[in-house]
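# Provided below are the primary sequence and the corresponding predicted coordinates.
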Amino acid sequence: MHLLYALLVLLSLSNGFSLNCPGRCSCDSVHSVQCYRLMELPFGIPPTTKRLYISHSKIHHLQQSNFTGMLALEEFILLASGTESVENDTFKTLNTLKTLELWKNKLRRVPSALPASLEVLKLNDNSIYALYQSDFEGLKKLKVLELNNNLISSLSPSMLSTLVSLQSLMVDGNNIESVAGPLNLPHLKHMSMENNKLHLISDTLFTSLQSLQFLSFSGNFLTKIPINLPKSLLSLKMERNQLKVVRFRDVKHLENLSHLYLSENFLSSIDGAQLLANLTTLEVSQNQLQMLPLRLPVRLQKLDCSSNLIQSVTARDFQDLQDLKHLFLDNNIVSLFEAGALQRCSQLSNLALEQNLLLSIPLRLPKTLARLDLKGNAIQDIAERELKDLKQLQVLNLRNNKLSALDLRALEGLPRLRHLYLDGNPWNCTCSLLRAREVLKAKGTDVRGGQCAAPAERQGESWMSSKKITRQCEPQLHSTETKKKLKPEDASSTKVSPDDDDYDYEID
């Protein structure tokens with residue numbers, strides 16, 4: 001019997017399992033322990049444990065004795081456990097600790113005397129109200145510091161001066177009103193200060209941030225883009241501020257900038273973005289633009305001008321944008337769309353024009369379109385000439401327009417059409433309409449229809465599912481032409497979400 005027990009112990013150790021796992025814990029191996037719903041840190045955690053994860057518990061206080069014997073601990077995560085305080089020097093002797101995460105607790109300050117081995121410190125969603133230089137002393141290996149959603153009101157260079165290896169600094173959702181400089185963080189690549197109360201950014205803040213690539217000041221009260229931004233910047237987020245004008249001459253030195261986000265500001269015009277020669281994404285939705293941005297960079301691939309006051313689209317607006325793939329013009333007041341306005345956009349695959357004032361489908365759209373969204377306009381009919389060249393089109397959304405009939409010839413010329421949205425239109429439910437529906441379904445198109453507006457005896461019925469209408473039109477629906485099948489060579493391998501209100505525009 002004793003021999004059998006000894007064999008079981010040896011077998012468990014060789015497979016990485018511990019027979020003495022604390023209650024409410026899962027010891028998946030001698031290196032990882034996970035615990036839930038505890039009242040205190042458990043005793044008996046294997047001394048070889050490298051990762052200790054505790055969540056949704058009621059551990060109000062941490063002290064040094066809790067970690068006695070954990071000489072191999074590299075990662076400690078305490079999540080949503082109501083922790084209010086940490087005894088001084090609690091983590092000081094954990095010389096192997098690399099990651100410390102104390103998320104969603106009630107801490108009022110950064111734990112003291114953190115070990116020099118620390119590389120990742122995440123204290124998000126606590127009640128920390130102030131930072132001190134002593135909080136980070138000796139942390140020369142720290143690469144990631146996250147303090148999102150606390151009560152911090154100030155951030156000064158002296159607080160972070162010892163973090164010589166820091167690569168990511170996140171202080172979103174605090175009460176910071178201004179930031180002085182310079183920040184001496186030579187290896188910092190990612191800095192985010194979203195959703196604070198920033199009114200002022202020091203001109204010297206970025207002097208020593210020559211490795212910075214991703215910067216976000218979204219959700220503040222800034223009235224201008226900070227000057228003296230580092231040339232290394234790849235992405236700049238300035239959404240939800242109080243910008244009224246963008247002076248591109250102040251940022252023209254950003255030769256590597258590829259993504260610029262300016263949505264939800266007070267911009268009435270944009271001119272001169274061509275100075276950012278390598279810009280590929282420009283988002284300016286929810287502003288007050290009355291016309292499309294002038295002089296855009298030729299490498300632009302995505303332009304989002306949705307939810308503005310744009311009235312017209314002309315060829316001049318897009319004459320140099322041959323790399324443009326995604327264009328969002330939804331929720332404007334576009335009534336004029338010049339024929340062939342986008343023809344030079346030879347890679348355009350997604351065009352969003354929903355919720356505008358269009359009376360017809362724009363003519364001579366790019367042959368590369370995979371998705372065309374025209375929901376919520378005033379389109380009365382579909383003409384063959386409008387769609388004849390769109391051989392790559394997979395999704396066509398015509399919901400909530402003024403269509404009463406379908407031109408089958410126009411739709412038959414779309415060999416890759418997979419999703420057609422037609423509901424919310426005043427349909428005249430004749431047998432020819434149902435015949436068109438059956439032809440589309442037979443070739444593999446998912447057709448979403450709507451209710452009949454005419455004739456009077458069919459008003460309110462669904463022309464997609466009404467058995468009565470189907471019986472009346474049965475002779476035509478069983479004609480030989482409705483039995484056409486989609487040819488294998490016409491099938492598209494690209495998967496597209498059928499939900500038009502929540503789809504991925506990244507269609508290959």
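Nice, thanks for sending it over.
# close enough to count as contact, Thr83 and Asn66?
No - counting by Cβ atoms under 8 Å, Thr83 does not reach Asn66; the two are 11.1 Å apart. Backbone N, C-alpha and C define where each C-beta goes, glycine included.
# Please say which of these two ends up with more neighbours.
Thr83 (21 against 18; other Cβ atoms under 10 Å).
# which ones are touching that one?
The contact partners of Thr83, taken as Cβ atoms under 8 Å, 6 or more residues apart in numbering, are 59-62, 102, 105-107.
# repeat that with 7 Å
By Cβ atoms under 7 Å, 6 or more residues apart in numbering, Thr83 lies in contact with 59-60, 62, 102, 105-107.
# Leu279 too?
Leu279 touches 257-258, 260, 273, 297, 299-300, counting by Cβ under 7 Å, 6+ apart.
# Roughly how far does Glu40 sit from His60?
From Glu40 over to His60 the distance is 9 Å, taken as Cβ to Cβ, to the nearest Å.
# Pop out the phi and psi values for Val144.
phi -130, psi 130 (degrees, to the nearest 10).
# Just confirm Lys189 contacts Leu212, I think it does.
Yes - at 6.3 Å, Lys189 counts as touching Leu212 under the criterion of Cβ atoms under 7 Å.
# quick one: which of those two has more around it?
Between Lys189 and Leu212, counted using other Cβ under 10 Å, the more crowded position is Leu212 (23 against 18).
# In space, what's closest to the more buried one - neighbours in sequence excluded?
Pro230 (4.9 Å; Cβ to Cβ, 6 or more residues apart in numbering).
# tell me the phi and psi of that neighbour?
Geometry field for Pro230 lists phi and psi as phi -70, psi 150, criterion degrees, to the nearest 10.
# What residues does it make contact with?
Residues in contact with Pro230 (Cβ under 7 Å, 6+ apart) are 206, 209-210, 212.
# From those residues, pick the one nearest Asp330.
Leu212 (33.1 Å; Cβ to Cβ).
# what separates stretch 23-31 from the chain centre, distance-wise?
Distance of stretch 23-31 from its chain centroid, counting by Cα atoms, centre = their mean, to the nearest Å, is 35 Å.
# For that stretch, give the mean pLDDT please.
In this model, stretch 23-31 has an average pLDDT of 85.
# Just the CA trace of it, in PDB.
Only the C-alpha atoms of stretch 23-31 are listed here, as PDB (Å, rounded to 0.1, in the frame of the first residue of the first chain):
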ATOM      1  CA  GLY A  23      -9.000  24.600  -1.300                       C
ATOM      2  CA  ARG A  24     -10.800  26.700  -4.000                       C
ATOM      3  CA  CYS A  25      -7.700  26.400  -6.100                       C
ATOM      4  CA  SER A  26      -6.600  24.600  -9.200                       C
ATOM      5  CA  CYS A  27      -3.000  23.500  -9.300                       C
ATOM      6  CA  ASP A  28      -2.700  22.600 -13.000                       C
ATOM      7  CA  SER A  29       1.000  22.100 -12.600                       C
ATOM      8  CA  VAL A  30       3.700  22.700 -10.000                       C
ATOM      9  CA  HIS A  31       4.300  26.000 -11.800                       C
END
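# hang on, the earlier thing: next, check the contacts of Leu279 against the strands and list the overlap.
Members of those lying in strands (criterion: DSSP state E): Leu260.
# Of the contacts of Leu279 - the most surrounded one?
Highest neighbour count within those, by other Cβ under 10 Å: Leu300, with 27 neighbours.
# got a pLDDT number for that one?
As predicted, Leu300 sits at a pLDDT of 98.
# so it makes contact with Leu282?
Yes - with contact defined as Cβ under 7 Å, Leu300 reaches Leu282; the gap is 6.2 Å.
# Most widely separated two among the contacts of Thr83?
His60 and Leu102 (12.9 Å).
# which one of the two has more residues nearby?
Leu102 (22 against 14).
# Give the residue spans of the stretch 1-150 of the chain that score low on pLDDT.
For the stretch 1-150 of the chain, the stretches flagged by pLDDT under 70 are 1-19, 30.
# Strands of that one, residue ranges please.
25-29, 32-36, 51-55, 61-62, 75-79, 85-86, 99-101, 120-122, 144-146 (DSSP state E, counting those that start in this stretch).
# Tell me what angle the third one forms with strand 25-29.
Orientation note: strand 51-55 sits at an angle of 150 degrees relative to strand 25-29 (axes from the mean of the first three to the mean of the last three Cα atoms, to 10 degrees).
# Could you do the fifth one as well?
Taking the same axes, to 10 degrees, strand 75-79 and strand 25-29 form an angle of 150 degrees between their directions.
# Partner strands of strand 75-79 and their direction?
Strand 75-79 has the following strand partners under DSSP bridges: strand 51-55 (parallel), strand 99-101 (parallel).
# who's in contact with the closest residue to Gln380 other than its chain neighbours?
When the adjacent residues along the chain are set aside, Gln380 lies closest to Lys402, with 4.7 Å between them (Cβ to Cβ, 6+ apart). Contacts for Lys402 (Cβ under 7 Å, 6+ apart) come out as 378-380, 425-426.
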